[in-house]
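Visitor: below: sequence and its predicted model.
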Amino acid sequence: MPKIGVLALQGDFREHLASFERLGQETLAVRTPQDLSQVDALVIPGGESSVIDRLSRNYLLAEPIKQRLADGMPAYGSCAGMIMLADRIENPAVSSSGEIQQSFGGIDMTVRRNAFGRQVDSFEYQLDFLGKNLEAVFIRAPEAVQVGSGVQVISTVPAEGDGEQGRIVAVRQGNLLATSFHPEVTGSTAIHEFFIQLTRGDA
Ligand code: GLN
């Protein structure tokens, strides 16, 4: 059985580990390059993407993760993790020393951090995820504002105003999956089940 790693530097990695454990999936909390070398797939949790970025570089994990992604390792990013898997961040955080937030990249898309506005920092929405009805929780969530032609749009939420396309909140490109929302906090394991299938080459 493939072993799924969860990047455990910051954010709600415990909830992802618990979701996989409920499904009987073998997991490993990934904090070092040595941990990374033991897993077949990686989940990047929700949290604060600029912190995950900085810690992953401090812990010398950023380059090995990019390398594994380039080699085809399956990965799933939720919320901040979606930002980490985006090739482009429209509005990256800039630190007090002028350092610009980076991502690992992998999915040909541009994400906008905190895209759903201050007035609705957090909301829930019933959406369609590959034919399944899912209660999705959005917490200071990003949105994919542009995706390349190789990116499959899986889920959208309605945009305000008539005639507009929905706002993109779940995507897949090959072995890489990303959602703006947090399936790990709802108790629903549909997305974790899907990622296990993807990791096994069955999705
Ligand atoms: N807004 C956060 C960021 O930019 C993501 C929030 C989350 O993961 N719930 O990383």
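Guide: Everything's here; your move. Residues are numbered from 1 along each chain as shown.
Visitor: on the three-state scheme, the residue sitting nearest the centre point of the chain is what?
Guide: Centroid check for the chain by Cα atoms, centre = their mean gives Gly77 as the closest residue, at 1.5 Å. Following DSSP: H, G, I helix; E, B strand; the rest coil, Gly77 is assigned to strand.
Visitor: just list whatever residues bridge to it.
Guide: Counting by DSSP bridges, Gly77 is bridged to Ile44, Ala178.
Visitor: equivalent analysis for Asn133, please.
Guide: Beta bridges link Asn133 to Asp128 when assigned by DSSP bridges.
Visitor: how about low-confidence regions in the protein?
Guide: 118-120, 162-164 (pLDDT under 70).
Visitor: and it, which residues reach the ligand?
Guide: Within the chain, the positions adjacent to the ligand are Gly46, Gly47, Glu48, Ser49, Cys79, Ala80, Ile83, Arg113, Asn114, Ile139, Arg140 by Cβ under 6 Å from any ligand atom. Yep, even glycine has a C-beta here, placed from its N, CA and C like the rest.
Visitor: adding neighbour count and secondary structure, write those out as a markdown table.
Guide: Below are the residues of the chain next to the ligand laid out as a markdown table (neighbours: other Cβ atoms under 10 Å; DSSP: H, G, I helix; E, B strand; the rest coil):
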| residue | neighbour count | secondary structure |
| --- | --- | --- |
| Gly46 | 30 | coil |
| Gly47 | 21 | coil |
| Glu48 | 17 | coil |
| Ser49 | 28 | helix |
| Cys79 | 29 | coil |
| Ala80 | 26 | helix |
| Ile83 | 30 | helix |
| Arg113 | 22 | coil |
| Asn114 | 13 | coil |
| Ile139 | 16 | strand |
| Arg140 | 18 | coil |
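Visitor: which of the residues you listed sits closest to Ala159?
Guide: Asn114 (16.7 Å; Cβ to Cβ).
Visitor: residue contacts, the residue nearest to that closest one when sequence neighbours are not counted?
Guide: Using Cβ to Cβ, 6 or more residues apart in numbering and skipping residues adjacent in sequence, the residue nearest Asn114 is Arg140, 5.1 Å away. Each residue near Arg140 by Cβ atoms under 8 Å, 6 or more residues apart in numbering is listed here: Cys79, Asn114, Phe116, Asp121, Ser122.
Visitor: which stretches of this structure form helices?
Guide: Taking DSSP state H as the test, the helices found in the chain are 13-22, 33-37, 49-58, 62-70, 80-84, 190-199.
Visitor: mean neighbour count, those helices: which tops it?
Guide: The highest mean neighbour count among the helices of the chain, using mean count of other Cβ atoms under 10 Å, belongs to helix 80-84: a mean of 29.
Visitor: Glu15 versus the residue lying closest to Ala203 once chain neighbours are set aside, what's the distance?
Guide: Nearest residue to Ala203, sequence neighbours excluded (Cβ to Cβ, 6+ apart): Gln197, at 3.9 Å. Going from Gln197 to Glu15 by Cβ to Cβ, to the nearest Å gives 20 Å.
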